[in-house]
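Asks: Model the structure of this input:
(2 chains)
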Amino acid sequence: MPLRSTEHGWGALVRAFHWVIAVLIVAQGVIGLSMVQMGLTPAKVRVFALHKSIGMTILALVLLRIAWRLTEKRPADPPAMPRWQRRAAHALHLALYALILALPLSGWWFNSASNAPLVWFGWFDIPGLTGGYDPVWKPRALLLHQTLFWVLVALLVGHVGAALWHHFSARDDVLRRMTIGPRKQNGGVP
Amino acid sequence: MKCLGGLCVAMLLGVAAPALAQTWQVDAARSTLTFTNTYQNVEYTGQFRRFDAKIIYDPNDLAHAKFDVSVDIASLDTRNSERDHTALGADFFDASKFPKAHFVTTAFRKGADGKVIADGVLTLRGVSKPVALTVTFAPQGDAAILDVTAPLKRLDFGIGAGQWADPSMIGDGVIVRGHLLLRKANPQGGS
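Replies: Model (predicted):
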């Protein structure tokens, strides 16, 4: 598997970015939805700290992923895809990039406005974005963080649904080239 | 001078008291009572916005000096509303049961480095413990700045005991700092 993407498939680095970030996002969703239900105990504080650390990790990985993507060309869309599908797919991917950047940023913003600590896996202190406690922006940042989460869930339903549709219905290489690699070097024409 | 009973005593005290000790009024709007502690190993600063301090102090007459400070626990502010809410609850300050903290000096002395130490008793969350304040006093005419600092241990007073005792979550050590702007209560008669 080549490190860089080719016209026919995604490189190893892009696939690694995709799946590591995907796993972290699912974990963040589960942790985030669970932690707000917890009673106030030291365990809750630790789970919040974990959520923040994972979120900052995702932010860093997404920035690296975008930087890497800017250096290489994306594989060609399957020729069978109509124009509207290509546009919809590219728009959805762009929206997903925007959301996976905006979610950790809004969480970081909320944390900063709450004047809560942010120590990356107990290792080092990450400064706030607001210059301390900000009771005006704090509820807005939280509302944004929660709203963006549900928008992301909706888009991910579309993303996963489209990947499965490509694989099982269109029978092209779109899912395959992000996982085990393309079947044949023709861009996925069945 | 003729004097009768209590009146005579009052006159004597009236003359004697200013010479023995200086009573100060605290400029509450410009004075602060702050503390630093750590949360998840990150230092933060909080303050008690309402406190009442009775200060009698003359650096040349430590024998008659006295600090008597009462703190309104509910006025806690650490610039984090969740933390403040939690801190006032039963696991921590338990402000509804113990609405006031009280510190009163028992004696003043000079420390080894020449600094003034005020020994006293702090009553916090129903626990009374000896606490020593380091005193810095800067007179400026009829006014003065009084800075005091004291290291405490929150667990000595049962603040966040039990499940919250872990110092990597909330540090045990707390540095308390008082910064008081004083004005002479009796500027004409002051020493």
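Asks: For the residue minimising distance to the centre of chain A, which non-adjacent residue is spatially closest?
Replies: The centroid of chain A falls nearest to residue A:100 when counting by CA atoms, centre = their mean (4.0 Å). Computed as CB to CB, 6 or more residues apart in numbering or on different chains, the closest residue to residue A:100 that is not its neighbour in sequence is residue A:62, at 5.1 Å. Any C-beta I mention is one placed from the backbone N, CA and C, and that applies to glycine too.
Asks: re earlier: check which residues of the host helix or strand of the residue nearest to the centre of chain A are buried.
Replies: With secondary structure defined by DSSP states H and E, residue A:100 is part of helix A:83-113. Using 16 or more other CB atoms under 10 Å in any protein chain shown as the test for burial, helix A:83-113 gives A:85, A:89, A:96, A:99-100, A:102-113.
Asks: Show me what that helix is packed up against.
Replies: If you count contacts as 3 or more CB pairs under 8 Å, 6 or more residues apart in numbering or on different chains; DSSP states H and E, helix A:83-113 packs onto helix A:12-35, helix A:42-69, helix A:137-164.
Asks: which parts of chain B sit against chain A?
Replies: B:39-42, B:44, B:78-83, B:86, B:163-164, B:166, B:169 (CB under 8 Å from any CB of the partner chain).
Asks: Tell me the one among the residues you listed nearest to residue A:167.
Replies: Nearest to residue A:167 among these: residue B:40, at 44.0 Å, using CB to CB.
Asks: Hmm, residue A:119 and the closest one touching each other?
Replies: Yes - applying CB atoms under 8 Å, one finds residue B:40 in contact with residue A:119, separated by 5.7 Å.
Asks: Between the two, which has more neighbouring residues?
Replies: Set residue B:40 next to residue A:119 and count neighbours by other CB atoms under 10 Å in any protein chain shown: residue B:40 wins out with 20 against 17.
Asks: how about the nearest residue to the more buried one, chain neighbours excluded?
Replies: residue A:117 (4.4 Å).
Asks: Run the contact check for the helix-or-strand element of chain A with minimal mean pLDDT versus chain B.
Replies: The weakest-scoring helix or strand in chain A, judged by mean pLDDT, DSSP states H and E, is strand A:124-125 (a mean of 93). Yes - counting by CB under 8 Å from any CB, chain B has neighbours in strand A:124-125: residue A:125.
Asks: So what are the sheet partners of that strand and their directions?
Replies: Strand A:124-125 has its sheet partners listed here by DSSP bridges as strand A:119-120 (antiparallel).
Asks: Spell out which residues of chain A are next to chain B.
Replies: A:40-42, A:45, A:49, A:114-117, A:119, A:122, A:125, A:132-133, A:135.
Asks: can we see that at 10 Å?
Replies: Residues of chain A lying near chain B by CB under 10 Å from any CB of the partner chain: A:40-43, A:45-46, A:48-49, A:52, A:113-119, A:122, A:125, A:132-135, A:138.
Asks: If any of those are buried, put those into a ChimeraX selection.
Replies: Those of those that count as buried under 16+ other CB under 10 Å are selected in ChimeraX with:
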select /A:42,45,48,49,52,113,114,115,116,117,118,119,133,134,138
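Asks: any idea which strand is longest in chain B?
Replies: Ranked by number of residues, the top strand in chain B under DSSP state E is strand B:127-140.
Asks: Next, the buried residues of that one.
Replies: So, applying 16+ other CB under 10 Å, buried residues of strand B:127-140: B:131, B:133, B:134, B:135, B:137, B:139.
Asks: State the distance from residue B:126 to residue A:118.
Replies: Applying CB to CB, to the nearest Å, the value for residue B:126 to residue A:118 is 35 Å.
Asks: cool, residue A:102 as well?
Replies: Distance from residue A:102 to residue A:118, by CB to CB: 17 Å.
Asks: still on that earlier bit, save the helices and strands packed on helix A:83-113 as CSV, and put in distance to residue B:118 too.
Replies: Listed next are those as CSV, based on distance: least, CB to CB, whole Å:
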stretch, distance to residue B:118
helix A:12-35, 45
helix A:42-69, 35
helix A:137-164, 39
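Asks: right, so these: which one is the most enclosed?
Replies: helix A:42-69 (a mean of 17; mean count of other CB atoms under 10 Å in any protein chain shown).
Asks: helices or strands next to it in the packing?
Replies: Contact analysis of helix A:42-69 by 3 or more CB pairs under 10 Å, 6 or more residues apart in numbering or on different chains; DSSP states H and E lists helix A:12-35, helix A:83-113, strand A:119-120 as its packing neighbours.
Asks: That one to helix A:83-113, inter-axis angle?
Replies: 140 degrees (axes from the mean of the first three to the mean of the last three CA atoms, to 10 degrees).
Asks: quick one: average confidence on helix A:42-69?
Replies: Helix A:42-69 shows a mean pLDDT of 97.
Asks: what does stretch A:20-36 give?
Replies: Here the average pLDDT along stretch A:20-36 is 98.
Asks: Output it in PDB with nothing but the alpha carbons.
Replies: What follows is stretch A:20-36, C-alpha atoms only, in PDB (Å, rounded to 0.1, in the frame of the first residue of the first chain):
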ATOM      1  CA  VAL A  20      -8.100   6.800  13.600                       C
ATOM      2  CA  ILE A  21     -10.100  10.000  13.600                       C
ATOM      3  CA  ALA A  22     -13.300   7.900  12.900                       C
ATOM      4  CA  VAL A  23     -12.700   5.700  16.000                       C
ATOM      5  CA  LEU A  24     -11.900   8.800  18.100                       C
ATOM      6  CA  ILE A  25     -15.100  10.600  16.900                       C
ATOM      7  CA  VAL A  26     -17.300   7.600  17.800                       C
ATOM      8  CA  ALA A  27     -15.600   7.300  21.200                       C
ATOM      9  CA  GLN A  28     -16.100  11.100  21.700                       C
ATOM     10  CA  GLY A  29     -19.800  10.800  20.900                       C
ATOM     11  CA  VAL A  30     -20.300   8.000  23.400                       C
ATOM     12  CA  ILE A  31     -18.200   9.600  26.100                       C
ATOM     13  CA  GLY A  32     -19.800  13.000  25.600                       C
ATOM     14  CA  LEU A  33     -23.300  11.700  25.700                       C
ATOM     15  CA  SER A  34     -22.600   9.500  28.800                       C
ATOM     16  CA  MET A  35     -20.500  12.000  30.800                       C
ATOM     17  CA  VAL A  36     -23.200  14.600  31.000                       C
END
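Asks: Sweet, I'm off.
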